[in-house]
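Visitor: Coordinates for the following, if possible.
(chains A and B)
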Amino acid sequence: MTKPIIRIENLSVGYTKPLLEKINFVIQPGEIVAIIGISGLGKTTLLRTIAGLIPKLSGKIFADIRPRGGIGYIPQRLGLVRHASVYHNVELGARCGVKVRDDSGNIFNWSKRKAVVVRNSVEEVGLADKIDEPIRRLSGGQQRRVATARAMAQNPELILADEFLSELDKENADAIIALVKTYVSNNQCGMLLVEHHSERAKQIADRIIDLSDFETKSIEEE
Amino acid sequence: MSVKLNKVWMISFGLIVLALIVMNNLVRGDWGDLTGGFGNLIKFWNTELWPPEWSLIFEAQSEPPNCTVDIGFFCSKAYTGMLETLKMAFVATIFGFIGAIMFSSFAAKNLVSKSVLIPTRLFLALTRSLPSIIWAIVFVIVVGIGPLAGVLAMILYTVGYLGKLQYEEIEGINREPLEASRAMGLSHTETLTKVVLPESGNTFLSQLLFMFEYNVRHGTVLGLVGAGGIGLHIDRAMELNQYDHVMAYLIVIFVVIVIIDFVSLFVRSFVTDESEIGDKSILSVLLPANLAQRIYQGKRDSD
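Guide: Here you go, the predicted structure:
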């Protein structure tokens, strides 16, 4: 049996009072898990806790993830540096990507390799012609592609995405879904996303956790 | 008149009366010093200040001693003194600005924990609690009379003043880019240089220009306590009651400050949130930013 990327046991999340309790689930390599449910249940809080942005209230998170660059986090409003270019934003991801070593164990010329990683990631999301454009001049769909490219450039073990398909038309959403599915499958990383639209969640995820099913607001899933 | 407006008038009137009462207390009820004050000013102007000693501006005064430039102005005391003040302000602004960025990143609550930000904020508060002229007195004692004392005083004040403006600006940055960088595992320096600076760059640049203006203005005063620049010449002239000399220096300061203000305003008018006002006319610097934006927008639409 393969080692899961992340295993969550009896996790409670919230700020002062728990919003979600007794959360248990695992994400395997190459798997996309979607959390759905109405607003205010604590989906984003769960994601932020796993990302290490807020402390957990109780429970355990076992993760096989490197501390720098292991998590590719795409927040709801994408978290891009608006006044900087596409290249600058994707480079943020690439700079904490995995450093590749040659046969003798030396790290490749990292600045050159980083530039290659950035260009490849930007090309993959179809924005090669926009690489020097500032983020604020891009459409919503293009900005979502940049956020995806930034996460991909990190070569992360786990991607956390918070409603990153919202406000997208079907055509754009389909394109990004296809892109992400291919990436997760090829790189055998995991992905946990929070999604408002259950149809889109079904389209992208291998497994869905529906918080609305749990009256006690707890996820018991193994 | 509405009740609300009535209240405003009442409060304003009350404040004016209160100010007059406090003033009366300050002069201990004796307003006699004010009578004839204007006359004294006119007399002082005619006998001591005007005409200024123009030679200080237009004639070489062997300042610096080996000055060999043909045009006298460039060897005049006023020019060399003002140039020294400008150099002091420039150096202090650059080093102070860099220091302020470093300290402000440890004083913003969205970047560091309370245990780091509280001592940093205390340090910043300490540096700006004393005006630069008081720091100049301290540094004149420490490093002696001359521009170095002025530069150090201005650096310290710039760090404190800009540091506060900057950490407030940093705290206003959108939460999500910072969270994304934290989740990625970027270091404090990387977050500062790659996220904070690009997001706040326009405001920081505007603050930098403002601080340069401020330091030039204050640099002229620092000489009064021996901290170099044109203020040193003013101090010497005042000691000798040469007020026509003082007037000449004041004219130079006034002209230079107006030029710097104007250039700075013009440059800062380009630095908007979106940096996209577009074509500039020199008059645009005199308009408020939102009015300038609307005018340029209208102009673009009509084109």
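Visitor: Tell me how far stretch B:161-168 lies from the chain's centre.
Guide: 14 Å (C-alpha atoms, centre = their mean, to the nearest Å).
Visitor: Helices along chain B, start to end?
Guide: For chain B, applying DSSP state H gives helices covering B:3-26, B:37-44, B:55-58, B:77-105, B:114-129, B:132-143, B:147-171, B:175-184, B:188-191, B:197-222, B:230-239, B:243-268, B:289-302.
Visitor: contacting residues around the residue lying closest to B:Gly185 once chain neighbours are set aside?
Guide: Spatial nearest neighbour of B:Gly185, excluding adjacent residues (C-beta to C-beta, 6 or more residues apart in numbering or on different chains): A:Arg68 at 3.6 Å. Any C-beta I mention is one placed from the backbone N, CA and C, and that applies to glycine too. By C-beta atoms under 8 Å, 6 or more residues apart in numbering or on different chains, the contact list for A:Arg68 reads A:Cys96, B:Met184, B:Gly185, B:Leu186.
Visitor: hang on, isn't the last one packed against A:Gly93?
Guide: No. The criterion here is C-beta atoms under 8 Å, and B:Leu186 misses it with A:Gly93 at 9.7 Å.
Visitor: The two - which one has more neighbours?
Guide: Taking other C-beta atoms under 10 Å in any protein chain shown, B:Leu186 and A:Gly93 do not tie; A:Gly93 has more neighbours (29 against 22).
Visitor: I figured that one was touching A:Gly72, is that so?
Guide: Yes. Counting by C-beta under 8 Å, A:Gly93 does reach A:Gly72; the two are 6.9 Å apart.
Visitor: shared neighbours, the two?
Guide: A:Arg150, A:Ala151, A:Met152, A:Gln154, B:Met184.
Visitor: Those residues: which two are farthest apart?
Guide: A:Met152 and B:Met184 (12.5 Å; C-beta to C-beta).
Visitor: Need the residues touching each of the two.
Guide: Shared contacts of A:Met152 and B:Met184, counting by C-beta under 8 Å, 6+ apart, come down to A:Gly72, A:Gly93.
Visitor: pLDDT on the longest helix seen in chain A, on average?
Guide: Criterion DSSP H: the longest helix present in chain A is helix A:170-187. In this model, helix A:170-187 has an average pLDDT of 88.
Visitor: Show me the contact partners of it.
Guide: Residues contacting helix A:170-187 (C-beta under 8 Å, 6+ apart): A:30-32, A:124-126, A:141, A:144-145, A:148, A:152, A:155, A:159, A:164-165, A:168, A:189-191, A:200, A:203-204.
Visitor: Next secondary structure element downstream of that helix?
Guide: Next in sequence after helix A:170-187, counting helices and strands by DSSP states H and E, comes strand A:190-195.
Visitor: Which secondary structure elements does that next one sit against?
Guide: strand A:18-27, strand A:32-36, helix A:43-50, strand A:158-162, helix A:170-187, helix A:198-204 (3 or more C-beta pairs under 8 Å, 6 or more residues apart in numbering or on different chains; DSSP states H and E).
Visitor: hmm, 6 Å instead?
Guide: Strand A:190-195 is packed against strand A:32-36, strand A:158-162, with contacts defined by 3 or more C-beta pairs under 6 Å, 6 or more residues apart in numbering or on different chains; DSSP states H and E.
Visitor: Tell me which of the ones you listed sits most buried.
Guide: strand A:158-162 (a mean of 25; mean count of other C-beta atoms under 10 Å in any protein chain shown).
Visitor: Return the closest of the contacts of A:Arg68 with respect to B:Val216.
Guide: B:Leu186 (37.3 Å).
Visitor: which ones are touching the closest one?
Guide: Applying C-beta atoms under 6 Å, 6 or more residues apart in numbering or on different chains to B:Leu186 gives no contacts.
Visitor: tell me the pLDDT at it?
Guide: 91.
Visitor: State the phi and psi torsions of it.
Guide: phi -70, psi 150 (degrees, to the nearest 10).
Visitor: and it, how far is that from A:Ile61?
Guide: 21 Å (C-beta to C-beta, to the nearest Å).
Visitor: Any residue of stretch B:196-214 touching chain A?
Guide: Yes. Counting by C-beta under 6 Å from any C-beta of the partner chain, chain A is contacted by stretch B:196-214 at B:Pro198, B:Glu199.
Visitor: Spatially nearest residue to A:Leu193 (excluding sequence neighbours)?
Guide: Using C-beta to C-beta, 6+ apart, the closest residue to A:Leu193 is A:Ala161 (4.2 Å).
Visitor: Help me confirm that that neighbour comes into contact with A:Val194.
Guide: No. With contact defined as C-beta atoms under 6 Å, A:Ala161 does not count as touching A:Val194 (7.3 Å).
Visitor: Which residues does stretch B:197-209 contact?
Guide: A:Val81, A:His83, A:Ala84, B:Phe97, B:Leu162, B:Leu165, B:Glu169, B:Ile173, B:Ser264, B:Val267, B:Arg268, B:Val271.
Visitor: For the chain, which residues score under the pLDDT cut-off?
Guide: Assuming you mean chain A. Flagging of chain A using pLDDT under 70 yields the residue ranges A:1, A:98-111, A:213-222.
Visitor: oops, chain B please
Guide: For chain B, the ranges with pLDDT under 70 are B:1, B:36, B:59-72, B:271-303.
Visitor: interface residues of chain B facing chain A?
Guide: B:Glu176, B:Pro177, B:Glu179, B:Ala180, B:Ala183, B:Met184, B:Gly185, B:Lys194, B:Val195, B:Pro198, B:Glu199.
Visitor: Is it correct that the fifth one is in contact with A:Gly72?
Guide: No. In this structure, B:Ala183 sits apart from A:Gly72 without contact. The criterion is C-beta under 6 Å, and the distance is 8.0 Å.
Visitor: B:Val8 and B:Ile16, how far apart?
Guide: Taking C-beta to C-beta, one finds B:Val8 at 13 Å from B:Ile16.
Visitor: Once you drop chain neighbours, what's closest to A:Thr44?
Guide: That would be A:Asp162: by C-beta to C-beta, 6+ apart, it lies 5.5 Å from A:Thr44.
Visitor: same check, this time on A:Ile54
Guide: A:Arg48 (5.1 Å).
Visitor: For A:Glu195, give the beta-bridge partners.
Guide: A:Glu195 forms beta bridges with A:Ile36, as assigned by DSSP bridges.
Visitor: What is the neighbour count of it?
Guide: Neighbour tally, A:Glu195, other C-beta under 10 Å: 24.
Visitor: count of residues packed around A:Ser12?
Guide: For A:Ser12, using other C-beta under 10 Å, the count is 18.
Visitor: what does B:Tyr157 give?
Guide: Other residues close to B:Tyr157 by other C-beta under 10 Å number 26.
Visitor: And B:Arg28, by the same measure?
Guide: What B:Arg28 shows, counting by other C-beta under 10 Å, is a neighbour count of 7.
Visitor: so how far is chain A from the residue positioned nearest the centre of chain B?
Guide: The centroid of chain B falls nearest to B:Tyr214 when counting by C-alpha atoms, centre = their mean (1.2 Å). Per C-beta to the nearest C-beta, to the nearest Å, B:Tyr214 is found 25 Å from chain A.
Visitor: likewise B:Phe13?
Guide: Distance from B:Phe13 to chain A, by C-beta to the nearest C-beta: 47 Å.
Visitor: Sort out which residues of whatever helix or strand A:Glu123 lives in are buried, please.
Guide: Here A:Glu123, judged by DSSP H and E, is contained in helix A:110-124. Buried positions in helix A:110-124, judged by neighbour count with 16 or more other C-beta atoms under 10 Å in any protein chain shown: A:Lys114, A:Val117, A:Val118, A:Arg119, A:Ser121, A:Val122, A:Glu124.
Visitor: Likewise for stretch B:88-95?
Guide: B:Met88, B:Ala89, B:Val91, B:Ala92, B:Thr93, B:Phe95.
Visitor: Nothing else from me, thank you.
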